[in-house]
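> Okay, sequence plus prediction incoming.
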Amino acid sequence: MPGSRLTQQERRRIALGLADGLAYAEIARRLDRPTSTVTREVMRNGGPTGYHADLAHRATERRARRRGRVAPRGPQPRPSARGRDLEAVRAYEETLVGVLVATGLPPMTARVLACLTLSESGSLTAAELARHLQVSPASVSKAVAFLDGQGLVRRDRGERRRERYTVDDDVWYRTMMTAARSTARLVETARQGIGVLGADSLAAARLETVVRVLDFVSESLGRTATQAREILAASTRVSTGVSTGATPGGT
């Protein structure tokens, strides 16, 4: 079965799995398919909230017919860039998108973030993103606005005053810090609820548990992210030969 095209029945099982809230990996396991196959199928056909089995099947058949009409004769070399297998990279990109969506990112936002992260430069224009993702510039703009608001991308002016969107080495640090701040806000809100409900309330007791657990999580997440950032920065300085006080060639 792995390697063959998805059947209409399999697509219906994918749709049922999505409706039941199953992860891509679990759906793939039940179909005896690679997780990347399920991820690619869903993201190519509307995403986890817009996937419809019959529509996806018809769309796949139309794409296959178009490819058949323009398929070149003879064996063709597999495209590559910088030694990378582009087909494998695209499959991995869709897997990454599925994981980002599972963390709570909107599908288009996840696609833009994955695209930027996996680009060699880490920096693309709106037109380049739209072309790669085969979506409208407006869709890209909305996703970038969300990422910018979370501090996950940087806007730079490129050639001809075109904006370039960039992810840098701190993007995952900022992601973790954003999560820590969001958790801290939830902790503060829970504390306010305890005062409103009263100390003898069972609901207040539940909120007290929320405070104890999430306060620890928020503080630990922020501290660990900062420590990891400092360690990585130090290792980068060493690997690139940045001076740490010793003179070149000294003992």
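Arrived safely, thanks for sending. Just so it is clear, the model here is predicted, and its values are computed rather than measured.
> and residue 149, what pLDDT?
The predicted local distance difference test score for residue 149 is 85.
> Could you tell me the backbone phi and psi angles at it?
Its backbone dihedrals place residue 149 at phi -60, psi -30, with angles given as degrees, to the nearest 10.
> residues near it, how many?
Per other Cβ atoms under 10 Å, the neighbour tally for residue 149 reads 10. Every C-beta, even on glycine, is put in place using the N, C-alpha and C of the backbone.
> Now do the helices in this protein.
With DSSP state H applied, the chain shows helices at 8-19, 24-31, 35-44, 47-50, 53-70, 86-102, 107-118, 126-133, 137-149, 171-197, 202-239, listed in chain order.
> and of the ones you listed, who's closest to residue 164?
Among the helices of the chain, helix 126-133 comes nearest to residue 164, with 8.7 Å by Cβ to Cβ.
> Give me the buried positions along that closest one.
Neighbour-count burial for helix 126-133 flags 126, 128-130, 132-133 (criterion: 16 or more other Cβ atoms under 10 Å).
> Out of the helices of the chain, which is closest to residue 163?
Residue 163 lies closest, by Cβ to Cβ, to one member of these: helix 126-133, at 6.7 Å.
> so, if you compare the buried residues of helix 126-133, which one comes nearest to residue 147?
Within the buried residues of helix 126-133, proximity to residue 147 (Cβ to Cβ) peaks at residue 129, which comes in at 11.1 Å.
> That closest one is in contact with residue 141, isn't it?
No. Look at residue 129 against residue 141 with Cβ atoms under 8 Å: they stay out of range, at 9.5 Å.
> Next one: residue 28 from residue 193, what distance?
40 Å (Cβ to Cβ, to the nearest Å).
> can you check residue 213 too?
For residue 213, the distance to residue 193 (Cβ to Cβ) stands at 15 Å.
> again, but for residue 136
When residue 136 is compared with residue 193 (using Cβ to Cβ), they lie 42 Å apart.
> Same question for residue 21.
28 Å.
> In terms of neighbours, single out the busier of those two.
When residue 21 is set against residue 193 and neighbours are counted by other Cβ under 10 Å, the residue ahead is residue 193, at 17 against 8.
> show me where pLDDT drops low in the protein?
For the chain, the stretches with pLDDT under 70 are 1-3, 63, 66-84, 158-160, 236-251.
> ok, how many other residues are close to residue 15?
So residue 15, with other Cβ under 10 Å, has 19 neighbours.
> Numbering from 460 from now on, please.
Fine by me, first position is 460 from now on; the one you just mentioned is residue 474.
> excluding its backbone neighbours, what's nearest it?
residue 512 (4.2 Å; Cβ to Cβ, 6 or more residues apart in numbering).
> my read: that neighbour touches residue 471, true?
Yes. Applying Cβ under 8 Å as the test, residue 512 and residue 471 come out as touching, 4.3 Å apart.
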